[in-house]
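[1] Just a sequence and a predicted model for now, questions to come.
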Amino acid sequence: MKKAIGFLLLFTIFSFKPVEPSLKLALVKYNGGGDWYANPTALTNLANFCNQTLGTNFDPDYATVDVGSIDIYNFPFLHMTGHGNVVFSDSEAENLRNYLISGGFLHIDDNYGMDKFLRPSMKKVFPELEFVELPFSHEIYNQQYTFKSGPPKIHKHDDDPAQGFGLLWEGRVVCFYTFQSDIGDGWEDEEVHKDPVELRLKALQMGANIIQYAFSF
């Protein structure tokens with residue numbers, strides 16, 4: 001009997017199949033010449049961090065999707081970054097709008113120099129909405145981790161305070177925009193920017209909060 005139980009235990013161990021990842025994060029590819037691909041290791045590290053701390057089951061191998069593609073509907077969370085120009089065609093703006101009002105979520109991180117191009121492009125997506133700075137009491141700063149002063153400041157840039165803006169549709173933040181923060185750089189592999197460990201941790205914790213908010217509201 002003991003021998004049979006032993007064989008059964010060995011069979012169970014070696015026949016166990018790990019649970020396949022259920023979701024992927026997605027990086028938005030856009031036109032205009034801006035470097036939408038700026039932080040290639042960021043989403044992989046964020047996915048791994050969320051899997052470890054939030055119990056999510058993200059595939060670290062993130063997807064890349066064109067803003068005008070119907071494929072964006074396969075991903076509940078989109079991330080967009082860059083340093084330069086952003087241009088949405090009418091059909092791309094309409095596609096992104098429909099995705100967001102249907103329950104999707106977009107996080108935009110200005111990697112420095114994106115702001116003056118991004119705002120007109122997002123105005124094309126939501127002509128009736130304005131970016132509003134979210135109060136520090138907002139749910140996005142009070143998820144798994146608490147950020148009493150808003151987004152963490154990862155890189156100096158213009159040395160202005162980091163800010164978090166939202167586009168609200170029917171009371172829900174459908175787009176969260178981090179400005180003067182550069183948290184995406186903080187998600188990158190350590191050797192890329194050589195940021196201190198504690199700064200990278202803050203960036204990943206803020207990213208986890210954004211993920212948690214996006215999947216909760």
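    Perfect, thanks for sending it.
[2] switch to C-alpha atoms for all contacts and neighbour counts from now on
    Fine.
[3] any idea how far the closest residue to residue 163 other than its chain neighbours lies from residue 152?
    Computed as Cα to Cα, 6 or more residues apart in numbering, the closest residue to residue 163 that is not its neighbour in sequence is residue 179, at 5.2 Å. Taking Cα to Cα, to the nearest Å as the criterion, residue 179 is separated from residue 152 by 10 Å.
[4] intersection of neighbour lists for these two?
    Here residue 179 and residue 152 have residue 162 as joint contacts, going by Cα atoms under 8 Å, 6 or more residues apart in numbering.
[5] how close does the residue nearest to residue 163 sit to residue 54?
    25 Å.
[6] Same check on residue 107?
    Applying Cα to Cα to residue 107 and residue 54 gives a distance of 18 Å.
[7] same deal with residue 46?
    Counting by Cα to Cα, the gap from residue 46 to residue 54 is 11 Å.
[8] Between those two, which has more neighbouring residues?
    With neighbours defined as other Cα atoms under 10 Å, residue 46 and residue 54 compare such that residue 46 has more, 25 against 15.
[9] give the contact list for the more buried one.
    So residue 46 contacts 187, 204, 207, 208 (Cα under 8 Å, 6+ apart).
[10] What helix or strand is it located in?
    Following DSSP states H and E, one finds residue 46 within helix 42-53.
[11] The longest helix seen in the chain packs against which elements?
    Taking DSSP state H as the criterion, the chain has its longest helix at helix 197-214. The contact analysis (3 or more Cα pairs under 8 Å, 6 or more residues apart in numbering; DSSP states H and E) places helix 197-214 against helix 42-53, helix 183-187.
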